[in-house]
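[1] requesting a structural model of the entry that follows:
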Amino acid sequence: MLFNHQSWSADDRRALIAKNSVAIENARLICIIMMSYVHLHFQGFPATGTELAIRSVVADVLGRSSVPLLSVVSGLLIVPFFARRTWLAGVRDRARSLILPMIAVNALAVILFGPPPGPVLEALLGIDGAPALIYMAFLRDLFVLCMLAPALIWLVRRAPLAMAVLGLAYYLADVA
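    The predicted model follows:
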């Protein structure tokens, strides 16, 4: 019965969501803090012995493993996200929570550090390359994946083997 979610009562589903929501929020917070540590380059400061070992574990284990964990969590959360709204409303909500912060942070970088070489619009959005702050490009990429999510979910449900082969081929091609 655990995996047959259609037989669950509404109360069972709400209890499971409430229980897992706290765990997911805590995991997301820890992951964001660890990723921030990696991107802020604190590990570049001089250190020896135990301090160096702790920094290495935080940066190389916790920080770098946060990206795949957040990717999995985002993937799990996007299905119910689009189940509760239309595609257009979902895209609008994701633009508000992903694209607007990316533009704001990149605009702040342009103001603080001066205009980049090339168009300012490119520095804000990174449509054809990197935005002003390269770390913000993941928000753009996450937005694109969110827009594609309903189609990808539909395809995985109808042709799981074909999608698995396509995913494996993409991975092996090393397209990035």
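[2] can we go C-alpha only for contacts and neighbour counts from here?
    OK.
[3] what helix or strand is the residue positioned nearest the centre of the chain located in?
    By CA atoms, centre = their mean, the chain has its centre lying nearest to residue 71, at 5.0 Å. Element membership for residue 71 (DSSP states H and E) is helix 64-83.
[4] now do the buried residues in that helix.
    64, 66, 70, 78, 81-82 (16 or more other CA atoms under 10 Å).
[5] where does residue 164 fall, secondary structure wise?
    Going by DSSP H and E, residue 164 is part of helix 160-173.
[6] do residue 28 as well
    In the assignment (DSSP H and E), residue 28 maps to helix 10-40.
[7] got the angle between that helix and helix 64-83?
    Helix 10-40 runs at 140 degrees relative to helix 64-83, counting by axes from the mean of the first three to the mean of the last three CA atoms, to 10 degrees.
[8] point out the other helices and strands that helix 10-40 packs with.
    Counting contacts by 3 or more CA pairs under 8 Å, 6 or more residues apart in numbering; DSSP states H and E, helix 10-40 packs against helix 64-83.
[9] restricting to C-alpha, output the helix it packs on in CSV.
    Taking C-alpha atoms only, helix 64-83 is exported to CSV below (Å, rounded to 0.1, in the frame of the first residue of the first chain):
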residue,chain,number,x,y,z
ARG,A,64,29.2,19.8,-3.7
SER,A,65,26.7,17.1,-2.8
SER,A,66,24.1,19.9,-2.2
VAL,A,67,23.6,20.5,-5.9
PRO,A,68,22.4,17.0,-6.8
LEU,A,69,20.3,16.8,-3.6
LEU,A,70,18.6,20.1,-4.5
SER,A,71,18.1,18.9,-8.0
VAL,A,72,16.3,15.8,-6.8
VAL,A,73,14.2,17.7,-4.4
SER,A,74,13.3,20.3,-7.1
GLY,A,75,12.3,17.4,-9.4
LEU,A,76,10.1,15.9,-6.7
LEU,A,77,8.4,19.2,-5.9
ILE,A,78,7.8,20.2,-9.5
VAL,A,79,5.2,17.5,-10.2
PRO,A,80,2.8,18.6,-7.4
PHE,A,81,3.6,22.2,-8.3
PHE,A,82,2.1,21.9,-11.8
ALA,A,83,-0.6,19.5,-10.6
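[10] so how far is it off the chain centroid?
    Centroid displacement of helix 64-83 relative to its chain, using CA atoms, centre = their mean, to the nearest Å, is 7 Å.
[11] rebuild the buried residues of helix 64-83 as a markdown table, extending it with distance to residue 11 and pLDDT.
    Converted to a markdown table, these look like this (distance: CA to CA, whole Å; pLDDT from 0 to 100):
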| residue | distance to residue 11 | pLDDT |
| --- | --- | --- |
| 64 | 37 | 82 |
| 66 | 32 | 85 |
| 70 | 27 | 83 |
| 78 | 22 | 85 |
| 81 | 19 | 86 |
| 82 | 21 | 86 |
